Each structure stands twice: as C-alpha cells, then as structure tokens.
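> Quick one, structure for this:
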Amino acid sequence: MKKGSKEIIIVGDRVLIVPDMGEERSNVGLYLPKWAVERELVQGGTIVEIGPGIPMPAPGDQEEELWKPSQSQGHFTPLQARIGDYALFMRKGAIELKMDGDSYLIVPQSALLVLIRDRS
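Numbering: from 1, shown residues only. This is a model prediction of the structure:
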C-alpha cells in the first residue's frame with residue numbers, strides 16, 4: 001500500500017487493518033458486546049493490505065544436503081482475507097502502526113475471527 005512517498009509492505013500471513021474506533025456498532029452493521037468493547041478483546045476494521053501468505057518450501061527442496069542454499073523461491077499458501085474485507089479480530093494479537101497521522105493495526109491471520117465480504 002502506497003502512502004505518500006512511502007510504501008507499506010505486509011509480510012507473511014499478516015494483514016493491515018484500518019480499525020473502527022471504539023464504536024459498539026461496526027460500519028457493516030455488527031453489534032459487538034459491551035464487555036468485548038470495554039475490555040478491548042475483540043475489535044473490527046477494514047483490511048487495506050494483505051501479506052503474500054504462509055511461506056512453504058518448494059516440493060523439490062528436500063535434498064540430502066540441507067546446508068546448501070535453495071535455488072527455488074518456494075511458494076506461499078494464500079490467506080483467506082482479501083483487501084476490502086471487514087474483519088473481527090482478537091485485539092491482543094494486533095500491533096499498532098501510525099504513519100502520516102493515520103492509525104493501522106498489523107494482525108496475524110491466526111488472530112482473525114471472522115471476515116465479512118461484499119458479494120458484489
């Protein structure tokens with residue numbers, strides 16, 4: 001994601017989220033329980049960037065000499081999340097990032113609870 005003259009590159013199985021700011025009702029119409037909002041256990045937000053996925057070795061990389069550098073680049077198992085999805089996630093797993101006055105959260109795929117996707 002480009003932000004001014006800088007670019008945010010998300011790595012691995014993480015997503016970049018613009019969080020909802022302390023509202024009980026999310027912008028997609030979900031109501032979060034008061035106890036979850038007060039304790040900041042669960043939060044929602046819109047995914048604006050995703051990483052390439054979970055890195056996996058290429059099938060032919062299982063050689064006898066494991067100390068040699070691999071010639072192949074392997075591949076990534078893609079994430080379920082997509083840019084534009086609304087996500088509910090465990091706040092404890094998120095890392096806050098502030099850039100040019102905007103707040104983002106970097107969230108690992110394992111902290112995502114549910115994705116809401118527009119079917120159109």
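
> From S120, how far off is L16?
From L16 across to S120, the span is 23 Å (C-beta to C-beta, to the nearest Å). The way it works is simple: take the backbone N, C-alpha and C, and place the C-beta from them, glycine included.

> Out of these two, name the residue with the larger neighbour count.
Remark: of L16 and S120, L16 carries more neighbours, 21 against 3, as counted by other C-beta atoms under 10 Å.

> Which strand residues bridge that one?
Note on L16: beta-bridge partners by DSSP bridges are E49, I106.

> can you pull the contacts of it?
1, 8, 10, 47-50, 97, 104-107 (C-beta atoms under 8 Å, 6 or more residues apart in numbering).

> got it, and E96?
103-106.

> Let's see that with 10 Å instead.
19, 103-106 (C-beta atoms under 10 Å, 6 or more residues apart in numbering).

> and G12, helix, strand or coil?
coil (DSSP: H, G, I helix; E, B strand; the rest coil).

> typo on my end, I9
Per three-state DSSP, I9 ends up coil.

> Same list (the contacts of L16) but as JSON lines, adding distance to L115 and pLDDT.
JSON lines is the format used below for these (distance: C-beta to C-beta, whole Å; pLDDT from 0 to 100):
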{"residue": "M1", "distance to L115": "18", "pLDDT": "77"}
{"residue": "I8", "distance to L115": "20", "pLDDT": "88"}
{"residue": "I10", "distance to L115": "16", "pLDDT": "94"}
{"residue": "I47", "distance to L115": "8", "pLDDT": "97"}
{"residue": "V48", "distance to L115": "14", "pLDDT": "96"}
{"residue": "E49", "distance to L115": "15", "pLDDT": "96"}
{"residue": "I50", "distance to L115": "11", "pLDDT": "96"}
{"residue": "L97", "distance to L115": "21", "pLDDT": "93"}
{"residue": "Y104", "distance to L115": "17", "pLDDT": "94"}
{"residue": "L105", "distance to L115": "15", "pLDDT": "95"}
{"residue": "I106", "distance to L115": "17", "pLDDT": "97"}
{"residue": "V107", "distance to L115": "12", "pLDDT": "97"}
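
> Great, nothing more from me.
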